[in-house]
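*Asks:* only geometry, no sequence info:
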């Protein structure tokens, strides 16, 4: 049985903006959400919100987060052990701090990280990655 999927902001923004990988992301969201195994860190969800607020509007960002929640994407808040794991990834690899939280959540949940962001190549040996 699949352990679940962690979605980074790259994947969610590709889905929201109906980019090339949107259909694949939607399928993964629906499959994982039905099992209550679709997650995103609060850090990455904040990144999605500010990106939408800048590009569209605050109201659009609020509505999109509600829609994501309704389809089953569960926000998981960070705690100190996750902060330390993210900081460790950031200290050893050339990845953004927000991406480090997506990786830390994938490790914690023993889940695959759904992304197309090539920054995560550095972590291929440490976490499972579902490349889009």
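*Replies:* The structure has been received and is ready for your questions. Please read all numbers here as calculations on a predicted model, not as lab measurements.

*Asks:* Confirm that residue 129 lies within a strand, as I assumed.
*Replies:* Yes. The assignment for residue 129 (DSSP: H, G, I helix; E, B strand; the rest coil) places it in a strand.

*Asks:* How about residues contacting stretch 39-53?
*Replies:* Residues from elsewhere that reach stretch 39-53 (Cβ atoms under 8 Å, 6 or more residues apart in numbering): 4-9, 12-13, 16, 60-62, 64-65, 68, 73-78, 82, 86, 97-98, 101-102, 104-105, 109, 111. (Each C-beta comes from the backbone N, C-alpha and C, glycine too.)

*Asks:* and if we set it to 7 Å?
*Replies:* 4, 6-9, 12-13, 16, 60-61, 64-65, 73-78, 98, 101-102, 105, 109, 111 (Cβ atoms under 7 Å, 6 or more residues apart in numbering).

*Asks:* buried set for that stretch?
*Replies:* 39-41, 43-49, 51-52 (16 or more other Cβ atoms under 10 Å).

*Asks:* Can you tell me how far residue 132 is from residue 121?
*Replies:* Counting by Cβ to Cβ, to the nearest Å, the separation of residue 132 from residue 121 is 13 Å.

*Asks:* ok, of the contacts of stretch 39-53, which come out buried?
*Replies:* Applying 16+ other Cβ under 10 Å to those flags 4, 6-9, 12-13, 16, 61, 64-65, 73, 76, 78, 98, 101-102, 105, 109, 111 as buried.
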